[in-house]
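Q: following is a predicted model, sequence given first.
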Amino acid sequence: MTSLYAVFGNPIAHSLSPRIHRAFAEQTGVDLRYEARLAPLDGFAAALGQFIAEGGQGANVTLPFKETAFRLCDTLSPRARRAKAVNTLGLDRGGIAGDNTDGAGLVRDIEANLAYPLAGRRILLLGAGGAARGVLLSLLEGRPACLHLANRSPAKAEALAAEFAPAAPLPLLGGGFEALAGQSFDLVINATSASLGGEALPLPAGLFAPGALAYDMMYGKGETPFLAQARQAGAARCADGLGMLVEQAAEAFLIWRGIRPATAPLLAELRAELRAELRAELRAELRAGPSPAAQP
Ligand code: ATR
């Protein structure tokens, strides 16, 4: 019998999750239907209730419902409890079981796909909102040399660091961007939403140690604003969050079906498609010529 899964979000139309999970299902021979469902901003619980009534066996949850979903769960994995947010729901064992695969997805992308082990690295995590909180525990479990949190509102980074410090077997500090002056890191991860507003982050010179990796949890068709900034500031390697997206999905698939799908072929395919879309957009712009406003 076909199993039913879905991703809930608002907006959701451009989500790659249906595409990713259908590819995993095909690869592993699992018979499933996976849909994108738009929930009203104030109607996630009702939309999930409807899905459960339809026999939905599992769901992914994306912005802005991860915290609401957390509150609806009957049981939580330890990592979801720490994150205070869930992105993966199991619905087929009576009750709602919440998990959070974002941190595992990020770490797997960095360590396995990018071949950049976290152990012993100096890590800087930019941001102190839900995205940063969701990956913090997994980063700490990678046993870096130290982890520094920097945020526009320093108090939020300080509070987050203080909350996780008792569980951290390594120095974990939080503060503002000014405190970064004179420091350098092996891995700098952007978990802020600054680029959505087109704003650059106030990163001091010398932030990237030789050979450093800059990682943006966001992704796009072209280079993200943070990665452009990081490259100009001397980051040796840059990676966007497409790999994290695919890996968090693989981890969710493993939870639901007990099989970890291979991710490399799909990741390469998605990346090639995004590049092709970008090229097509640039060619269309070229054909259209300068916009009236840009003419002298
Ligand atoms: P998310 O769940 O995506 O993390 P969030 O909880 O709203 O969303 O957090 C957004 C993060 O991006 C915060 O760390 C925010 O900094 P503040 O705590 O100071 O608000 C950060 N952020 C958003 N816009 C930013 C900007 N222009 N410059 C620097 N940081 C920014």
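A: Good, I have the coordinates.
Q: chain center to stretch 145-156: distance?
A: 18 Å (CA atoms, centre = their mean, to the nearest Å).
Q: that stretch near the ligand anywhere?
A: Yes - remark: stretch 145-156 sits within contact range of the ligand at Asn151, Arg152, Ser153, Lys156, by CB under 6 Å from any ligand atom. (Each C-beta comes from the backbone N, C-alpha and C, glycine too.)
Q: make CSV out of those and add pLDDT and secondary structure.
A: Shown next, in CSV, are the residues of stretch 145-156 next to the ligand (pLDDT from 0 to 100; DSSP: H, G, I helix; E, B strand; the rest coil):
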residue, pLDDT, secondary structure
Asn151, 98, coil
Arg152, 97, coil
Ser153, 98, coil
Lys156, 98, helix
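Q: among the residues you listed, give me the pair with the biggest separation.
A: Arg152 and Lys156 (8.4 Å; CB to CB).
Q: can you pull the residues of the chain lying near the ligand?
A: Counting by CB under 6 Å from any ligand atom, the chain sits next to the ligand at 127-132, 151-153, 156, 192-194, 197, 199, 201.
Q: show me the longest strand that occurs in this structure.
A: Ranked by number of residues, the top strand in the chain under DSSP state E is strand 208-216.
Q: any idea of the mean pLDDT for the very next helix or strand once past it?
A: Using DSSP states H and E, the helix or strand that follows strand 208-216 towards the C-terminus is helix 225-232. Averaged over helix 225-232, pLDDT sits at 97.
Q: do stretch 189-207 as well
A: Throughout stretch 189-207, pLDDT has a mean value of 92.
Q: what's around the closest residue to Leu267 other than its chain neighbours, how many residues?
A: Once flanking residues are discounted, Leu267 sits nearest to Val246: 5.0 Å by CB to CB, 6 or more residues apart in numbering. A count of neighbours around Val246, defined by other CB atoms under 10 Å, yields 26.
Q: re the thing from before, just the buried residues out of the residues of stretch 145-156 next to the ligand, in PyMOL syntax.
A: Of these, the buried ones can be selected in PyMOL as follows, counting by 16 or more other CB atoms under 10 Å:
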select buried, resi 151+152+156
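Q: kind regards, and thank you for your time.
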